[in-house]
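Q: All I have is the shape, not the residue letters:
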């Protein structure tokens, strides 16, 4: 018999009465805005360490941070007087009044971190300022100080956080599996290492070292440690300055892209932020050199006058507002465009890239032939590789049923090499060739329990960042079930030796990186439910023919025939329609015939 928890229902009189919440409840609610998961704890503590001038920060995590988190630094530490009020809400050493917010350069300033952490966990702090004889040791459980006294300690601060959300079980219930939560922590630590490459960061999990930054003061060295030499080799340095901004960092060559924005990391005055404005400006700088749906790698530190950026938008301080967003967009796109132009990675791009503006001049200019050729060269290589795979697949002989809707369709041709146009007795039919092929491949890999794989002549080494290295071990069973054979060479090195047979011989190995990246970027491993389906969908999507691929009539007929053999021919695995029909009566209405 299903056990149902007893639900306490408030009567109307109670609901309508306004209550003033007690301090403990207020603190728990406020903590929820700042502390969402173990990664939030690490973020706040690491930022405090950086603000304290630490040059060495150690993060030791147990059980994905759910069990315990320990952050130790060699910063300025706290006096007994400071530590006694550090747990109070809005207690901070960074600002004194509202005017200071406009010029704040520290990562923290709200005075919410320690109070929020201690409100929902059990915390132990040992801290000592340089020159003091003894340090201070404090224990706080759920916001209540349990003990405080003198302690022997090294200069700096050590904070241990245990049993996160022990007093808010609903929050604890929605935490993910330990390794998934660990991935968020890795993101936080590596992000701070990129933004503060003169600081030594050390991260361990369950006693095993995961990451150690070189602390060389060289951003490129840190990139090699986090992303690996393969990605680092594809990067170009950016050094741009104008009256508004200074932009330093690295972007990838146009031919080296990713299927998502996970490899884009931005800092505003050393503060890690998420910004669609900056990401869009980077894409604008690449102009026509990026295929649709592809994103460059970008690691940029943008320095602005503090009056030009508002960091007080959200409690986590990861989102900011710019005073002159248009000027910043133009600066970032110009920085990217100019460095690509100077590098001359693609012949003829110089004139094209430097003309990029957010609001172009209304004057009409005639394009040079070199500009047109540049756009063509950028896109044709990928298209040729896809067409080879498409041609092999769609010209194969497949057993097709003798009855079905496809037999009533007369193929008329293609629209813009994206949609197949057909006519049936009932009206005009448009078929999305990518969505249709995606549905076919998805059901094939879903139903082919034979585990057929295509051996790769040369294994594909996976260039994984630190977060992906943590996640991939959880995903290996599901990737292997879908037909990917992945070998582990050492604790953090992986290579793909075989792929699902539906991907063919795979001349373009980028598709392997894209599929793995698609899966790992989700970071959602709880009990395996839905993960295999996620792998299958991504494999089908990446293996399917793309919009822009020209097909012969035979290929179109074969594709349509296979589509109507599937169990659900009308949508792709992601739910988009594959077929749209315009009935004859509807067409007659459009032309006012009826």
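A: Arrived safely, thanks for sending. Note that the structure is predicted; figures quoted are calculated from it, not measured. Numbering: from 1, shown residues only.

Q: Which strands and helices lie in contact with the strand or helix carrying residue 520?
A: If you go by DSSP states H and E, residue 520 is part of helix 510-522. Contact here means 3 or more CB pairs under 8 Å, 6 or more residues apart in numbering; DSSP states H and E; on that basis helix 510-522 packs against strand 257-258, helix 466-481, strand 494-500, helix 531-543. The way it works is simple: take the backbone N, C-alpha and C, and place the C-beta from them, glycine included.

Q: What's the mean pLDDT across the helix or strand following the shortest one?
A: Secondary structure here is assigned by DSSP H and E; on that basis, the next helix or strand after strand 257-258 toward the C-terminus is strand 264-268. Averaged across strand 264-268, the pLDDT comes to 91.

Q: I'd like to know which elements strand 264-268 is packed against.
A: Using 3+ CB pairs under 8 Å, 6+ apart: strand 264-268 touches helix 178-195, strand 271-273, helix 276-286, strand 298-304.

Q: One more pass at 10 Å, please.
A: Contacts defined by 3 or more CB pairs under 10 Å, 6 or more residues apart in numbering; DSSP states H and E place strand 264-268 against helix 178-195, helix 219-227, strand 245-252, strand 271-273, helix 276-286, strand 298-304.

Q: so what strands line up beside that strand?
A: strand 271-273 (antiparallel), strand 298-304 (parallel) (DSSP bridges).

Q: May I see the helices and strands packed on strand 264-268 organised as TSV, with mean neighbour count, mean pLDDT and distance to residue 476 added?
A: Written out in TSV, the entries for the helices and strands packed on strand 264-268 read as follows (neighbours: other CB atoms under 10 Å; pLDDT from 0 to 100; distance: least, CB to CB, whole Å):
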stretch	mean neighbour count	mean pLDDT	distance to residue 476
helix 178-195	23	89	12
helix 219-227	20	91	21
strand 245-252	20	94	27
strand 271-273	21	85	30
helix 276-286	20	91	31
strand 298-304	22	93	28
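
Q: and of these, who's closest to residue 431?
A: helix 276-286 (30.1 Å; CB to CB).

Q: Can you give me the domain boundaries for this structure?
A: Domain assignment of the chain by automatic domain parsing yields the ranges 23-212, 234-354, 405-581.

Q: could I get those as JSON lines with distance to residue 226?
A: Shown next, in JSON lines, are the domains of the chain (distance: least, CB to CB, whole Å):
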{"stretch": "domain 23-212", "distance to residue 226": "5"}
{"stretch": "domain 234-354", "distance to residue 226": "9"}
{"stretch": "domain 405-581", "distance to residue 226": "5"}
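
Q: Any idea which of those domains gets closest to residue 227?
A: Here domain 405-581 is closest among the domains of the chain (CB to CB), at 5.1 Å.

Q: now that closest one: mean pLDDT?
A: 80.

Q: one step back: closest one to residue 219 among the domains of the chain?
A: domain 23-212 (5.2 Å).

Q: And the helices and strands packed on strand 264-268: which comes nearest residue 41?
A: So among the helices and strands packed on strand 264-268, helix 178-195 is nearest, using CB to CB, at 8.7 Å.

Q: which strands and helices sit next to the helix or strand that comes right after that closest one?
A: Per DSSP H and E, the first helix or strand lying C-terminal to helix 178-195 is strand 200-205. In this structure, strand 200-205 makes packing contacts with helix 38-51, strand 56-62, helix 178-195, strand 208-212, judged by 3+ CB pairs under 10 Å, 6+ apart.
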